[in-house]
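Q: from the sequence below, what's the structure:
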Amino acid sequence: MRFLAALGATPEMTAVIEEQLASLRIAKRAAPSAEPAYLLDIDVSKPAQSASSRFVAVSCSNKSIRVYNRETLNFLREYSGRPGVLHGVRFAHACDSTVFSACSDGTVKCWDIRSAAQKAVQVFSGYPSNAFISFDINCSDLIICAGTEKVEKDTFLVFWDARGITNCASATQEPLGVYSESHNDDITKICFHPVEPNLVVSGSTDGLVNVFNINKDNEDDALISTCNSDSSVSFIGWSGKDYKQVYCVTHDEGFCWWDTAQLDTEEPITLLHVLDVRDAVCPENDSLHYLVGGFYHEKADKLFLIGGTSTGNIHLVGCGRAGLGLAGTLCGGHAAPVRSFCWSLADESLLTGGEDAQLLLWKPGAVERSLAKKASMKIASSVQKRVRVHNSSLKSRKK
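A: As a prediction, this is how the structure comes out:
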C-alpha cells in the first residue's frame with residue numbers, strides 16, 4: 001500500500017485511504033431473486049440536501065431493473081424492458097424517485113418508483129433504426145444522451161430535452177437532434193461531466209473517446225477532443241480536480257488516462273496508457289483477471305480502478321502518472337466475476353454486483369450477520385461483450 005504515496009498522495013491521506021480500503025467488509029447482501037441474473041449496472045439515488053441516498057437500482061441481464069432500499073438492500077420493485085433489453089441505469093439528480101434506462105427498442109425509459117405501476121411514466125423515443133446500448137443524463141437533469149449500436153454505416157448520439165422529468169408527466173418525447181460523424185462503431189459508454197452540464201464524453205468499440213461541449217451549434221464545433229484508446233472502450237469517466245481529466249477502460253483490460261486541461265498547451269494530454277493492466281498489476285496471492293471500471297476519490301484526489309478474479313475477489317488499483325499499484329483486495333463476497341459497482345464518497349461504501357446474481361454492500365468495519373455465499377451461476381455466454389481491438393495511434397483534436 002506504500003505505492004499510493006509514490007503516486008502523489010500525502011502520507012496522511014495515504015494512511016486514511018489504506019485504512020479505509022483495508023476495513024471494507026460486507027455489511028449487507030440482497031436476498032436472492034426468484035429469477036437469478038447477472039447484475040450489469042448499479043446506481044444509487046442522489047441524496048436530497050443532507051439526507052442519505054434512499055434507493056439502489058440495478059440493471060440485470062434478464063431485461064429488468066430492480067430497485068432496493070439503500071441501507072437494508074431489501075427488494076422494493078422491478079421493472080421490465082421486455083421485449084427490449086435494458087442497458088444501464090441512472091437516477092435523476094434532483095428527484096430520487098425517478099430512474100432511467102436505455103433500451104434496445106430505441107427508447108430511454110423513465111420509471112417513478114413511488115408508483116407500483118410497471119409501465120414507464122415517460123418514454124424518450126429515438127429514430128426508427130436506433131438500438132440504444134448506452135446513455136446518461138446531465139447534472140442539471142436537462143439533457144439525456146443515448147448511444148446506438150451500429151446499423152449499416154450509422155452510429156448516433158441522440159439527445160432529448162429532459163425538462164419536466166422530475167414530475168414524471170406521462171409523455172413520449174422526440175429527440176432534439178443527433179451527432180452522427182464522431183464515431184463509426186457501437187457507442188458503448190456515455191458519461192456527462194459531474195458539474196458542467198454541457199460537457200459529455202463518449203466511448204466506442206471504434207477505440208475513440210470523444211469529449212463534446214453540447215452548447216455549440218453543431219457537432220463539428222462541439223467536438224473538443226478525440227483520444228484513441230487503441231481498443232474497444234468498455235468504461236469511461238471523469239477525474240482530477242475540477243474533473244478536467246477523462247479516462248477509459250477497454251474490453252481487453254487496457255487503461256488510458258488523459259488531461260483535457262492540456263489541450264491548449266504544448267504539454268502532452270496523455271497521463272498514462274497501459275495496454276494490459278493484468279500485466280502491470282500483479283497481486284501477490286491472486287491474479288487480476290479483468291477490469292470493471294473506475295472511480296475518482298474526491299477527498300484523496302485519487303483515481304482508482306476496480307477489477308477482480310473469476311472466483312469473485314475484488315482488486316482496487318491506484319492510478320498515478322508513475323503507473324498502477326494494488327491498493328487493496330476484497331475477499332469472501334462474490335463467487336463469480338463482478339460486473340458492476342457504485343462507490344459512495346459520503347459514507348466510503350461500495351456496492352457490487354456480479355455474475356453470481358449477488359448484490360453486496362461493503363462498508364468500513366462492517367460485520368455481516370449471515371455469511372452465506374451463493375455458488376457461481378451458469379448463464380449463456382451471449383451476455384458477454386464483444387471485443388474489437390484497433391491499432392491506431394493516439395491523437396487529439398483541438399478546437
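
Q: rest of the way, CA atoms for contacts and neighbours
A: Fine.

Q: how near is the residue in the chain sticking out farthest from the centre to Trp238?
A: For the chain, the residue at maximal distance from the C-alpha centroid (CA atoms, centre = their mean) is Glu266, at 31.3 Å. Distance, Glu266 to Trp238, by CA to CA, to the nearest Å: 22 Å.

Q: output the below-cut-off pLDDT ranges for the stretch 201-350 of the chain.
A: Flagging of the stretch 201-350 of the chain using pLDDT under 70 yields the residue ranges 283-285.

Q: can you give me the helices for it?
A: Taking DSSP state H, counting those that start in this stretch, the helices of the stretch 201-350 of the chain run over residues 219-222, 277-280.

Q: list the contacts of stretch 286-300.
A: Residues from elsewhere that reach stretch 286-300, judged by CA atoms under 8 Å, 6 or more residues apart in numbering: 9, 13, 17, 234-241, 248-249, 253, 278, 281-282, 302-310, 315, 338-341, 343, 345.

Q: so what's Phe159 scoring on pLDDT?
A: Note on Phe159: pLDDT of 97.

Q: can you check Glu19 too?
A: Reading off the confidence values, Glu19 has pLDDT 70.

Q: now stretch 122-141: mean pLDDT?
A: Averaging pLDDT along stretch 122-141 yields 95.

Q: for it, output the C-alpha coordinates as PDB.
A: Output in PDB follows, covering the C-alpha atoms of stretch 122-141 (Å, rounded to 0.1, in the frame of the first residue of the first chain):
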ATOM      1  CA  GLN A 122     -42.100   8.700 -19.600                       C
ATOM      2  CA  VAL A 123     -40.500   7.500 -22.800                       C
ATOM      3  CA  PHE A 124     -37.800   9.300 -24.800                       C
ATOM      4  CA  SER A 125     -38.100   7.900 -28.300                       C
ATOM      5  CA  GLY A 126     -35.300   7.700 -30.800                       C
ATOM      6  CA  TYR A 127     -35.400   7.200 -34.600                       C
ATOM      7  CA  PRO A 128     -36.700   4.000 -36.200                       C
ATOM      8  CA  SER A 129     -33.400   2.200 -36.700                       C
ATOM      9  CA  ASN A 130     -31.900   3.100 -33.200                       C
ATOM     10  CA  ALA A 131     -31.000   0.400 -30.700                       C
ATOM     11  CA  PHE A 132     -29.600   2.100 -27.600                       C
ATOM     12  CA  ILE A 133     -26.800   0.400 -25.600                       C
ATOM     13  CA  SER A 134     -25.600   3.400 -23.500                       C
ATOM     14  CA  PHE A 135     -26.900   6.600 -22.100                       C
ATOM     15  CA  ASP A 136     -26.600   9.300 -19.300                       C
ATOM     16  CA  ILE A 137     -28.400  12.300 -18.000                       C
ATOM     17  CA  ASN A 138     -26.600  15.600 -17.300                       C
ATOM     18  CA  CYS A 139     -26.000  17.000 -13.800                       C
ATOM     19  CA  SER A 140     -28.800  19.600 -14.300                       C
ATOM     20  CA  ASP A 141     -31.400  16.900 -15.400                       C
END
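
Q: check contacts around Ala92.
A: Contact partners of Ala92, counting by CA under 8 Å, 6+ apart, are 45-46, 98-100, 137, 141, 166.
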